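S.K.: got a predicted model here, sequence first, then my questions.
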Amino acid sequence: MTTEERDACLNMLQCSSHGNIKIMPNHHMTEEGELLGFMYSVHQTTMAKVLPISKGVICVTSVFECINPTPCAGGFHSDVLRIVNNGERMKEKLIEFVQQLRQEQNNQPSFSCIADSGDDLMPDQHAWSCALPSKLGLYHSFGRTLNKDSREHKLYIVVSGCLTKACEEYQNLFYDCKETETCKRVVDSEETHWLRSATHRNHNRIAYDLAKFMNLTVKHVVDVHDPREDIYMALPICYSYQSDICIDNKTQQVRVVQGGTFLHRTDSAVILDMFGTEGFWLFCGPKDLSSGAEFGTQFSYNPKAPCFPTTTVTYNQRYPVKNRRVTVYVAPTLNDDSMVISARPGTHYAFPDEQAFACFGKLGFNRNDGTVHLMPLLCHEEILK
């Protein structure tokens, strides 16, 4: 750990003598001076002022599978071939879709949308437009069938990010009440539950809209919490949090994770966000022989280490590269023929090696269950402030 990381940990621990911090393998400082890759826990009766609430307190990555309408010879996904053969046109359509999202950012989801009744089954008080995610795009992979007798080519939509406006409101609300409310009251609040639900709904609705815009097919349902009653959202096959907050009822502790996901909230694979040109890695759970879940079931993890990394290390001036053998430099994607649309500057990222996978094994991942790499086919990265 660097000196700045130690200082950040000590600052959190000084707030309460009962606090505890666990560091994950992806720990690092961001350019903004925030520590990522840790879990903070404290007893639920402690005053909320000790909690390290960030500007993206609930951040989710969701994966949606696109149904193959007409399987091609050789097992290739027909929509993937269509997208590759019409690359420039599809790239223009994705940029057009992102522009449409940008034009609707004045009506982002916020706490004013929460139903007055406080009933989780009631629709929102008023309709909202989807918030622009930090990552959005089409990804593909080759995976084995459940019988392992053949390979399957699959296409996915991935949406990753948080609700920037709602998270900002949550952080402001936290600052207003942290001196008078306990950690349990904050985590159990209506605002926390709504923010988590709205983040999932936002990603699901974006995935459905993108699939419709690109003439793709996804499993979908009506968003029953939208007052318009005719808004659809896609159904994800798996999702992981990049930041989250929860209560452990067994230990009566409130836990905050940054740069990771709670494994008891993860029913299938854990999604690791690598970088633009690499895509996402899915760490599969134990084989599901009953319901046939594609990426397995929940990890068999150690309760003392209930988190798993979901972001790779992004090196910067505050956290410089230490070992270039396990890092990758990603140049700015300024080429017109690049299918990764991003304004991010050239950056070094950590690339997991054998030592990292050994550490993942201690956190509950069994290498025999395998990993699936979602390779970018056409994607967009947004720098959210």
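M.R.: On my side now, so go ahead. Numbers count the residues shown, from 1 in each chain.
S.K.: would you map the helices across the stretch 1-150 of the chain?
M.R.: Secondary structure of the stretch 1-150 of the chain (DSSP state H, counting those that start in this stretch): helices at 3-14, 78-85, 87-103.
S.K.: what angle sits between the second one and helix 87-103?
M.R.: The directions of helix 78-85 and helix 87-103 differ by 100 degrees, with axes from the mean of the first three to the mean of the last three CA atoms, to 10 degrees as the criterion.
S.K.: buried set for helix 78-85?
M.R.: Judged by neighbour count (16 or more other CB atoms under 10 Å), helix 78-85 contains these buried residues: 79, 80, 83. Any C-beta I mention is one placed from the backbone N, CA and C, and that applies to glycine too.
S.K.: also stretch 270-290?
M.R.: For stretch 270-290, burial by neighbour count (16+ other CB under 10 Å) applies to 270-285, 287-288.
S.K.: how about the strands in the stretch 251-385 of the chain?
M.R.: Counting by DSSP state E, counting those that start in this stretch, the stretch 251-385 of the chain has strands at residues 253-258, 260-262, 270-273, 280-283, 307-309, 327-330, 340-341, 347-350, 371-381.
S.K.: give the pairing partners of the first one; include direction for each.
M.R.: The one in question is strand 253-258. strand 35-43 (antiparallel), strand 238-248 (antiparallel) (DSSP bridges).
S.K.: now the second one
M.R.: Neighbouring strands of strand 260-262 in its sheet, by DSSP bridges, are strand 307-309 (antiparallel).
S.K.: from the contact counts, what lies against the top helix by length along the chain?
M.R.: Looking across the chain with DSSP state H, the single longest helix is helix 190-213. Here helix 190-213 touches strand 59-66, helix 87-103, strand 151-161, helix 164-177, strand 232-234, strand 238-248, going by 3 or more CB pairs under 8 Å, 6 or more residues apart in numbering; DSSP states H and E.
S.K.: looking at those, which is nearest to residue 123?
M.R.: Of all the helices and strands packed on helix 190-213, strand 232-234 sits nearest to residue 123, with 13.5 Å by CB to CB.
S.K.: circling back: list the buried residues of the longest helix of the chain.
M.R.: 192, 194-196, 198-211.
S.K.: kindly report the same for stretch 307-318.
M.R.: Neighbour-count burial for stretch 307-318 flags 307, 308, 309, 310, 311, 312, 313, 314, 315 (criterion: 16+ other CB under 10 Å).
S.K.: compute the first-to-last residue distance for that stretch.
M.R.: 24 Å (CA to CA, to the nearest Å).
S.K.: per-residue confidence for residue 368?
M.R.: What the model reports for residue 368 is a pLDDT of 89.
S.K.: ignore what I typed, I meant residue 338.
M.R.: 64.
S.K.: local confidence estimate at residue 171?
M.R.: Residue 171 is assigned 93 on the pLDDT scale.
S.K.: can you tell me which helix or strand of the chain has the lowest average pLDDT?
M.R.: Least confident element among the helices and strands of the chain, by mean pLDDT, DSSP states H and E: strand 340-341 (a mean of 78).
S.K.: list the helices and strands it packs on?
M.R.: helix 87-103, strand 371-381.
S.K.: now it, how far from the centre of its chain.
M.R.: A distance of 18 Å separates the centroid of the chain from that of strand 340-341, by CA atoms, centre = their mean, to the nearest Å.
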